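**Student:** what would the 3D arrangement of this be:
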Amino acid sequence: MKKVRVFLLILLCAGILSSVSTAFGVSFLKFEREFSGKGSTDGAFSANIRVAFGAEGQIYVSDADNRLIQKLSPSGEFLMQIPEDPHAIDNKLKKPGDIAIDSNGNIYVAETTAHHIADTDDPKIYMFAPCVHKFDSSGKLIHTYFVDPVDVRPKQVLAASLIVDEEGKTAFGVQPKGHDRALLIAVNSQNRLFVLDAKRGRIHEFDDTGKQLRVFGRYGAGNGEFDRDASDIAIDTRDNVLIADTGNHRVVKFDSEGKFILNFGVKGRNDGQFTKPIVITPLITGEILVKDSSQFKRHLGELPSGSVLSLIPPTAAGIGDFVVQSGRSRSALLGQGFKEQSNFDALNRRIRLLEEAEYRRYFTEYFDDNEEGGKDENRKEEDEDLKAATIRATVYHNVIMRVQRFGGNGKYLGRIIYQIDKQNEKNQDVAFLALDALGHIYLRDGSDLVIRQYSVEGFSLRPSQMDGLYNARAANVDNSFSEDYEDIDPNADIQDDINQLELSNAFLWNYNLSERWSLMFADTLSYSELDERYLTPPKAEDSYDLQTKSLTNTLAANLKFITDPNPYRYKELNIYLERIDGTSDLDQAAIFQEVNKQRQDSEGDASAVSVGLNWDILSRANLWVEYANFNPADTSRNFVRRYFDVSGDLYEVFGSRNEMKKLAGELTIKF
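**Tutor:** Numbers count the residues shown, from 1 in each chain. Below you'll find the model as predicted:
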């Protein structure tokens, strides 16, 4: 019967898994390959890179620290680099940034350069400004685009620095405010270049000859406006221009002529909402992928100190009272016969699912620049040590991230979920890198700089999404007691030897259905055995041997949905089911059967079922409702006892059964 119940429970949970995945359009990642690594050539890079993809899936990487651009095959093999010698004095690349590829294979890369102002020869005057270099497919420089005026003499007095020009002569260099600001770039099907100058609140459009066609967009939060921290620009299959309006938590869409079409997305963590969108990638199907900064952590707290499972030894008076572990964190699941001890409660049954931003409140990830423009390495090292120590003290710590999928009209279509195990040394510093037009997701390891490519596949059960915890405990205790009464012989009048064995194992299994849904099973099985030999030589008929054995199993299932993961408005819904079964046997008999055949046999069983709902109806109001059936309700076991007299004849049978059903509710409001 018990196996049938477990089977039905598994079927129920499988049905829930299927309905959740279907209803919410969740997909997961499948690992395809890894490539690249730490280096400066032949497919290896520094930490500071930007990625773009060609029409046939080739991978282009601009490497700011190594001052070069590399071209890789779709599978990551090195093909070429620009320039051939990055250390050459004529290398145009000083700190290459964003990169884009047109339909002819021409390469565009954002840069900062010094431009010679025409008609300034004695001395020459150079204007430093952000720009975009255009190279052909072989690496030859074709044109340089500027978004600031650089061919006119300054109309006011500006500070300048002495520099040495390409001819080795003294010249002046002017560096206006913002001359080194980052530009973001994209190219449409007509090979027109679009440059997002977010700091100035503008988008510049150039034709393939370098002529500027128009400027559109502006700073703000209205239609056709975007914030100064807009973090990406992309062109869809109809040549519409898409902007990741990071500060306004949305995507802004213009047509190819710069006319505003629509905004989609608002601030939030629900479907179709964004927390600082950072990357936009149109797919060849016409759909749009958007990666935002929303990160969720699933963090199970520290292991309990001491033993996980506890047992109260049975006594000679009858069936002992055993501590039964309840999987729920509220009121006692069972009646007086079941003494509750928080087993998985100590592991924080309500596993909080918070965005990674909350985690970063404790561990600073970004540091103020010092006077030299670097970072406070001492503080960084201290914080990393603290972070590592905290992770080691947890049972598991995962970060769950998402990429959302939209139609061309901004309609939400679904999402892709991927999870990073922060306790895995190989994965602990893996971060998002890029998306391509086929929907592949690229992650990069921050230590060895290896790039990993993943494809997207539908929802399925997989070990990578599972977290498990197993605990086993064994204890054996021997206790010997002797006593000599006040007589003249030195022999013991009572010798009591007790041996107690305790065995237990506990298993916790959690499966992340998505960033907000999770399913957890917990099972605890404990076995105890007590053997007692009570010997009284002066009165042999009072000597007896007692043996008790007891087995208890607790099975719990919990389905959790995070209704609001914001740490200041956190709410969750839990639906749980719990089943506890126990059995015990006691045999007590006189040791010296020739003088006393008295004995006692006892058998006991117990079971309990609980179904409940734990719901944060508001961030400061919680509703708990539970139905439970206890059998027995007032004792540790329903039992049957058989008593045999000194002649060995059965003279009494005693049985006890009692049952209780309970419906309870609890409302908690925090002021």
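**Student:** all helices for the chain, in order.
**Tutor:** Defined through DSSP state H, the helices belonging to the chain, from first to last, are 2-24, 356-359, 377-392.
**Student:** just give me the lowest mean pLDDT stretch among those helices.
**Tutor:** With a mean of 37, helix 356-359 has the lowest mean pLDDT of the helices of the chain.
**Student:** where in the stretch 401-550 of the chain is pLDDT low?
**Tutor:** Applying pLDDT under 70 to the stretch 401-550 of the chain flags the ranges 462-465.
**Student:** and for the chain?
**Tutor:** Low-confidence segments of the chain (pLDDT under 70): 1-25, 298-397, 462-465, 567.
**Student:** and the residue positioned nearest the centre of it, how close does it get to residue 512?
**Tutor:** The central residue of the chain, meaning the one whose C-alpha is nearest the mean C-alpha position (Cα atoms, centre = their mean), is residue 399 at 2.0 Å. Going from residue 399 to residue 512 by Cβ to Cβ, to the nearest Å gives 11 Å. C-beta here means a position set from N, CA and C on the backbone, and glycine is covered the same way.
**Student:** what of residue 178?
**Tutor:** Residue 178 sits 43 Å away from residue 512 when distances are taken as Cβ to Cβ.
**Student:** if you count what's nearby, which of the two comes out ahead?
**Tutor:** Just comparing residue 178 and residue 512: by other Cβ atoms under 10 Å the higher neighbour count belongs to residue 512, 23 against 12.
**Student:** wait, the more buried one touches residue 418, no?
**Tutor:** No: with contacts defined as Cβ atoms under 8 Å, residue 512 does not count as touching residue 418, sitting 10.5 Å away.
**Student:** now for these two: what residues contact both?
**Tutor:** By Cβ atoms under 8 Å, 6 or more residues apart in numbering, residue 512 and residue 418 have these common neighbours: residue 400.
**Student:** what lies in contact with stretch 528-541?
**Tutor:** With contact meaning Cβ under 8 Å, 6+ apart, stretch 528-541 is reached by 311, 313-314, 316, 320, 322, 491-503, 542-550, 590-592, 595-596, 646.
**Student:** same thing but at 7 Å, please
**Tutor:** By Cβ atoms under 7 Å, 6 or more residues apart in numbering, the surrounding residues in contact with stretch 528-541 are 311, 313-314, 316, 322, 491, 493-502, 542-550, 590-592, 595-596.
**Student:** so which of the residues you listed sit within strands?
**Tutor:** The subset of the contacts of stretch 528-541 located in strands under the criterion DSSP state E comprises 494-502, 544-550, 590.
**Student:** what about burial for the residues you listed, which qualify?
**Tutor:** Buried members of the ones in strands among the contacts of stretch 528-541, scored by 16 or more other Cβ atoms under 10 Å, are 494-496, 498, 500-502, 544, 546-550, 590.
**Student:** closest to residue 157 out of these?
**Tutor:** When those are compared for distance to residue 157 (Cβ to Cβ), residue 502 wins out at 87.2 Å.
**Student:** look up the closest residue to the closest one, ignoring the ones flanking it.
**Tutor:** Nearest-residue entry for residue 502: residue 475, 4.4 Å, with adjacent residues in sequence omitted and distances by Cβ to Cβ, 6 or more residues apart in numbering.
**Student:** check the spacing between the one you found and residue 529 real quick.
**Tutor:** Remark: distance between residue 475 and residue 529 (Cβ to Cβ) = 11 Å.
**Student:** ditto for residue 222
**Tutor:** Counting by Cβ to Cβ, the separation of residue 222 from residue 529 is 75 Å.
**Student:** so the two - more neighbours on which side?
**Tutor:** Applying other Cβ under 10 Å to residue 222 and residue 529 shows that residue 529 carries more neighbours, namely 18 against 10.
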